[in-house]
Every structure is written in C-alpha cells, then in structure tokens.
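Asks: sequence and predicted structure are below.
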Amino acid sequence: MAWMRRPDTPTTRRGRAGRAAASLAAALLVSGGLSAAALAPATALAADGPAAAAADDFNGDGYADLVTGAPGGTVSGKTGAGYVAVTYGSAKGPAPAPGTVVSRSTAGVPGAATAKQRFGETFAKGDLDGDGYSDLVIGSATAEPGAVILWGSPEGLTGGTAVAGFGQAPQVGDFDGDGQADLALFGAAQVAGDDPVTQEARLFQGPLTREGTPAEQLDFLDRSEWWGYGSDGPACAEDDSCVDGPASVGGPVQPKAVGDVNGDGSDDLVTWLYEGDGVWAHHLFTGSGTGFRDAQEAGPIGSRGDDAAVGIGDVDGDGYDDVVTGSGEATAKVTVRYGSAAGLEGREDAFDQSLPGLHGAQEKGDHFGSCVAVADVTGDGRAEIALGISGEDFSGLTDAGSVALLHGTASGVTGEGSQVLHQNSAGVPGVAESGDMFGSACALLDTDGDGHRDLVAAAAEENEQAGAVWALRGTGEGLTVEGASAFGPGHVDGPVSKATFGSFLR
Ligand SMILES: [Ca+2]
Ligand SMILES: [Ca+2]
Ligand SMILES: [Ca+2]
Ligand SMILES: [Ca+2]
C-alpha cells in the first residue's frame, strides 16, 4: 500500500519558537516534572490574538491542541498497549513534532504498558485543576487499569496522575454547573441477563488536586433517581438497599458526548445505555448540582440498537445544544435531536446523502456519520456538522471514505453549501485507496487560532492499519484545502505497525 504524499515536513512548518516549546514539552513529558510556571495562571491574550476554546488548549497559547489516539500501537514490545499523540496548534494548524507521544511507558505516566490494554482508546479534555490550562484524561479499552490525567502548562502537558479503577471513557464537563470542570468516571460495563445491572460510576467535582483528589464527590445519579429512595429515605444510601447506589448508575452505560442540551448551565451527557432484554440505545443524562438525571422518558436518541457516533453542538443557534447521531445498522440516516429548556423536545431531523444540496449517492454500507463532530466553523453562531462517510465508494474504489461538512441554520441542518472531501480531492494530501476508511474519526478544533474551527479527520485503516490524520482549515464559508496537511505515527516518532493512529480524536 502506498504511503500518502507526505506533507511539508514538521520542521519546515514550524518556527524556532514552536520547536523550542515542543522540545521543552517533550522534555517535561519525559521527566514527568512540574515547573513552578506550570502552576501560574494563564495570561490573557491580546484581543486580536489566537483564541481557541480554553478546553482545547493545553499550553494556553490560544491554539487548539489535538490529541490523536493510537490504541493499537505496540509499546515496549506489548502489542495493542496503545498510546496517544499530542499535537500542539500553531498559526499554521497542528504541528506534529517528535516526542509528544504519551503511553504507559512514558516517564511520569503511572502504570506499565500491557498488551491489549488499548490505552488511548478514549480521552477527554478540560481544565480539571482550574489553573487556566486545559488538562487531558486518558482512558483505555477497559476500566481496570484506570485513567491517567496529564496537566496543562505553558510548556504543554506534564506529569501523570492515576485515577484507579475508572479507565473506561472518562468525560469532562461542567456537570454541576458551578463554572468549574468536573470529571465523570466509569467502571466496568457488563450485561448480565435481561435486567441492567448497576455500573460503578463517580462524579468528581472540580477542581481536582494534582494527586487526583476532587474538591467534592457527588453521587453520580441525583438521589431522586435512586430506585426506592422515596420510600426508603436517605438510609438506602447507607445500607446499599437502593438498586442504584450513591456512586452507581442503572447501567451499563458507555458515555459518548458532552454538551448543554437543556441550556441550564450544567453540561449533559449522552450515553449508550443498556435498556434490558438485549436492547441498547442512546439516552440523555442531564447534569445538575445534585448529580445526573436520567431523561429516558424523552425516548431514544437515534435508532434503538444503533451504536453510532454522537456529537453535540448548537446547530440552530438557539442557545440549546443539539444531539447528532450517525447512522448504524438499523437505519442509514443521520439524526439531529434539537435541545430545548425541556431537554430533547422531540423535534428531530433525519436525513441521508439524498439531502438536497449534499453531494454524493446514498448506497448500502456507506456508513454515513461514521464520525460526528458539531461546532461552529463559519462563525455565525450556528454549529456546522462534520460527518465521516468511511464506507464511501468512488472512482472504482471500495470503502475509500470521505468527510462532509454541513451547515447549521436557524431552522436546522441544511445540505445547501455543504462540502464533501476525500483523499483524491484537489489540494487534499494523500491518495485514496480501497479500505482506507477515511472519515473513521473526526473533530472540529481551532488549531490555527483564527476563530474558525478546523476539521481534523482520520483514516485509522490507512497503510495497513498504521493510520493517519488530516487537517483542513475552517473559514467563514466552510472548509478550505489551502494549507491542508496530513501526518501519521511516523511524524510524531510513534510506533507505526497497526497503531490505528486516529481511531479517536479530540
Ligand atoms: Ca495550544
Ligand atoms: Ca489545568
Ligand atoms: Ca444541562
Ligand atoms: Ca481555524
């Protein structure tokens, strides 16, 4: 399989200052040390300086920083031990540099590389210690080895703090609405029989200490959600007589995406939840100062049984975030459920590639919405929707894959003005090949700090599952191929063989 056309080498794309910062960050990662500067508050940027969303910015320079998961990577000889690559933003977008790989073998990161742990299968960003620099929480395929927190600083991510036992898909958001980021943690998810068993889950209220201790720990579910709580009273919290204990959720659940769907200032969480009788569906848990409330009565989001990609953002610009789900086995449609003060009010758009204005033909196996990212690219206050179409066939190729960008309007999503891009599009690096599955993961981050979110998309199957990532810059109209770049595990000095680099992006 041919390696894609190599973009400008990282060294020609970066200034001296950027190189120095990257080497310093690398040195800190290697030593795991914390400098005094790491604890200083972020300095305010000039009004016209780069201003990426704070949650995306580990080093406080106003450029969003990209995290790429490579859970298949071989680390210290352990197959599938996994790693992540941290790529700091710059005026030219993500600037891959050697030494920004983080694995269980990185000095300062707790734990040891273990075969099939798939470290970096999921992760989340947010300023957990409240010092003004976003932090990174890295999970694994399984809950048991626990999560790892790396701390932001002017020099980039430093240190490594273990969060024992809750390594499965950690999520960061201001779930209790006090203005400080919180950490939602999940233990093992198991299905046993027809009835959902409870799943260990914890809600760490920020700020966290560098030892990983939260300011407070909230019961994951609001007590009003505990079965029998009304009749048994608070005692059930003490003697475990409630089905859903203080730290558990009536699960199992797999958390998928965070946003404020009911606009009350507390972030909400979309989960893939086991309803019982072999049935799974996406549901909303709304955040509050007393824990999550289960909004299952609003009905499933998307189709029951479709474990699809999920993204959250304000597509129609009404101040309430909307939930977008990709297509799955049961339906080939992407759905948008619109938020409201009452949560998911029931209004829903469902569409496939036949949406007027959208280029492309709807075919079986396209996997429309293989990835979903929702954020404002154009700057009009309404979120765009990026959708992977990883199974798209074109030019005689099978499953080469493409990505689409659709605009949000006051009345919802539209195909008008949409774009579809792939590796054979003029200006996009690389050469499309069958089985690349371009669009298997995507994210919208302002990596060049110009106020427009940029698209980062991956083909984790590229080059015999080594994987690779593409960056396309955002403008007031949408995406441009001007300044487009691509990089793979070799560009960050990461393990290459079957790394599935780009399996997860944030
Ligand atoms: Ca940055
Ligand atoms: Ca921080
Ligand atoms: Ca909310
Ligand atoms: Ca941008």
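Replies: Yes, it's here. Ligands and ions are numbered 1, 2, ... in the order given.
Asks: tell me if stretch 310-319 is near ligand 3.
Replies: No. Stretch 310-319 is not in contact with ligand 3 by Cβ under 5 Å from the ion; minimum separation 10.7 Å. Yep, even glycine has a C-beta here, placed from its N, CA and C like the rest.
Asks: report how many residues lie close to the closest residue in space to residue 245 that isn't next to it in sequence.
Replies: Excluding the flanking residues, the one nearest residue 245 by Cβ to Cβ, 6 or more residues apart in numbering is residue 198, at 6.8 Å. Number of residues near residue 198 (other Cβ atoms under 10 Å) recorded here: 19.
Asks: I figured residue 198 was touching residue 249, is that so?
Replies: Yes. The criterion here is Cβ atoms under 8 Å, and residue 198 meets it with residue 249 at 6.8 Å.
Asks: what does the chain have sitting close to ligand 2?
Replies: 127, 129, 131, 133, 135, 152.
Asks: try it again at 8 Å.
Replies: By the rule Cβ under 8 Å from the ion, the part of the chain lying against ligand 2 is 127-135, 151-153.
Asks: give the next helix or strand downstream of the strand or helix carrying residue 471.
Replies: Per DSSP states H and E, residue 471 falls inside strand 468-474. Next helix or strand after strand 468-474 toward the C-terminus (DSSP H and E): strand 479-487.
Asks: what sits against residue 261?
Replies: 268, 284, 286, 312, 320-323, 339, 343-344 (Cβ atoms under 8 Å, 6 or more residues apart in numbering).
Asks: wait, is residue 224 part of a strand?
Replies: No. Residue 224 is assigned helix when assessed by DSSP: H, G, I helix; E, B strand; the rest coil, not a strand.
Asks: quick check, it in contact with residue 292.
Replies: No. With contact defined as Cβ under 8 Å, residue 224 does not count as touching residue 292 (10.7 Å).
Asks: looking only at neighbour counts, state which of the two leads.
Replies: Shown here are residue 224 and residue 292; by other Cβ under 10 Å, residue 292 has more neighbours (26 against 12).
Asks: for the more buried one, give the beta-bridge partners.
Replies: In this entry, residue 292 is beta-bridged to residue 221, by DSSP bridges.
Asks: repeat for residue 272
Replies: residue 254, residue 282.
Asks: any idea how far residue 332 is from it?
Replies: From residue 272 across to residue 332, the span is 19 Å (Cβ to Cβ, to the nearest Å).
Asks: how about the closest residue to ligand 2 within the stretch 401-506 of the chain, nearest residue that isn't a chain neighbour?
Replies: Closest approach between the stretch 401-506 of the chain and ligand 2, counting by Cβ to the ion: residue 506, at 15.7 Å. Nearest residue to residue 506 in three dimensions, chain neighbours excluded: residue 67, at 5.2 Å (Cβ to Cβ, 6+ apart).
Asks: for the one you found, what are its contacts?
Replies: Contacts of residue 67 (Cβ under 8 Å, 6+ apart): 84-87, 123, 125, 136, 505-506.
Asks: can you rerun that using 10 Å?
Replies: Residue 67 sits next to 56, 58, 84-87, 100, 102, 120, 123-125, 136, 138, 150, 157, 443, 445, 456, 504-506 when contact means Cβ atoms under 10 Å, 6 or more residues apart in numbering.
Asks: just the element for it, please.
Replies: In this assignment (DSSP H and E), residue 67 forms part of strand 66-70.
Asks: near ligand 4, which residues of the stretch 301-450 of the chain show up?
Replies: 377, 446-450.
Asks: inside helices: which ones of these?
Replies: Among those, no member falls in helices (DSSP state H).
Asks: what's the most distant pair in the residues you listed?
Replies: Greatest spatial distance among those (Cβ to Cβ): 377 and 449, at 14.0 Å.
Asks: skipping adjacent residues, who's closest to residue 94 in space?
Replies: Spatially, and ignoring its direct neighbours in sequence, residue 94 is nearest to residue 87 (4.3 Å; Cβ to Cβ, 6+ apart).
Asks: now do the contacts for the one you found.
Replies: When contacts are counted by Cβ under 10 Å, 6+ apart, residue 87 is found next to 10, 22, 64-68, 93-97, 100, 447, 456, 469, 471, 487, 491-492.
Asks: can you name the residues bridging to it?
Replies: Beta bridges link residue 87 to residue 66, judged by DSSP bridges.
Asks: can you offset everything so residue one is 57?
Replies: With 57 as the first residue, the last one maps to residue 143.
Asks: okay, it: pLDDT?
Replies: The model reports residue 143 with a pLDDT of 97.
Asks: can you check residue 249 too?
Replies: pLDDT, residue 249: 71.
Asks: surely it is in a strand?
Replies: No. Assessed by three-state DSSP, residue 249 does not belong to a strand; its assignment is coil.
Asks: counting neighbours, what do you get for the residue nearest to residue 144 when sequence neighbours are not counted?
Replies: In this structure, residue 144 finds its nearest non-sequential neighbour in residue 121, 4.9 Å apart by Cβ to Cβ, 6+ apart. Neighbours of residue 121 under the rule other Cβ under 10 Å: 29.
Asks: what does residue 220 give?
Replies: Neighbour number of residue 220 under other Cβ under 10 Å is 14.
Asks: now swap in residue 496 and tell me
Replies: 27.
Asks: in contact with it, which residues?
Replies: Going by Cβ under 10 Å, 6+ apart, residue 496 touches 365, 423, 426-427, 444, 446-447, 457, 459, 513-518, 523, 556, 558-561.
Asks: among the residues you listed, which ones are in strands?
Replies: In strands, judged by DSSP state E, the following of the contacts of residue 496 are found: 426-427, 444, 459, 513-515, 560-561.
Asks: one step back: more crowded one of residue 433 and residue 505?
Replies: Set side by side, residue 433 and residue 505 show more neighbours around residue 433, with 28 against 21, by other Cβ under 10 Å.
Asks: contacting residues for that one?
Replies: Residues in contact with residue 433, defined by Cβ under 10 Å, 6+ apart, are 439-442, 461, 463-464, 500, 502, 508-511, 528-535.
Asks: which among the residues you listed count as buried?
Replies: Buried members of those, counted by 16 or more other Cβ atoms under 10 Å: 439-442, 461, 463-464, 500, 502, 508-511, 528-530, 534-535.
Asks: which residues touch residue 111?
Replies: Applying Cβ under 10 Å, 6+ apart to residue 111 gives the contacts 120, 180-183, 190-191, 228-230, 237, 314, 501, 562.
Asks: give me that answer again for 6 Å
Replies: Residue 111 is in contact with 181-182, 190, counting by Cβ atoms under 6 Å, 6 or more residues apart in numbering.
Asks: ditto for residue 554
Replies: The contact partners of residue 554, taken as Cβ under 6 Å, 6+ apart, are 128, 521.
Asks: quick check: it is in a helix.
Replies: No. Counting by three-state DSSP, residue 554 is not part of a helix but coil.
Asks: quick one, phi/psi of it?
Replies: Backbone torsions of residue 554, given as degrees, to the nearest 10, read phi 50, psi 30.
Asks: how much space is there between it and residue 263?
Replies: From residue 554 over to residue 263 the distance is 39 Å, taken as Cβ to Cβ.
Asks: from the contacts of residue 317, which is closest to ligand 3?
Replies: Among the contacts of residue 317, residue 324 lies closest to ligand 3 (Cβ to the ion), at 4.3 Å.
Asks: all helices for the stretch 57-206 of the chain, in order.
Replies: Per DSSP state H, counting those that start in this stretch, the stretch 57-206 of the chain carries helices over the ranges 66-69, 72-87.
Asks: mean pLDDT lowest where, among the ones you listed?
Replies: Among those, helix 66-69 carries the lowest mean pLDDT, at a mean of 31.
Asks: residue 547 reaches residue 152, doesn't it?
Replies: Yes. Judged on Cβ atoms under 6 Å, residue 547 makes contact with residue 152 at a distance of 4.3 Å.
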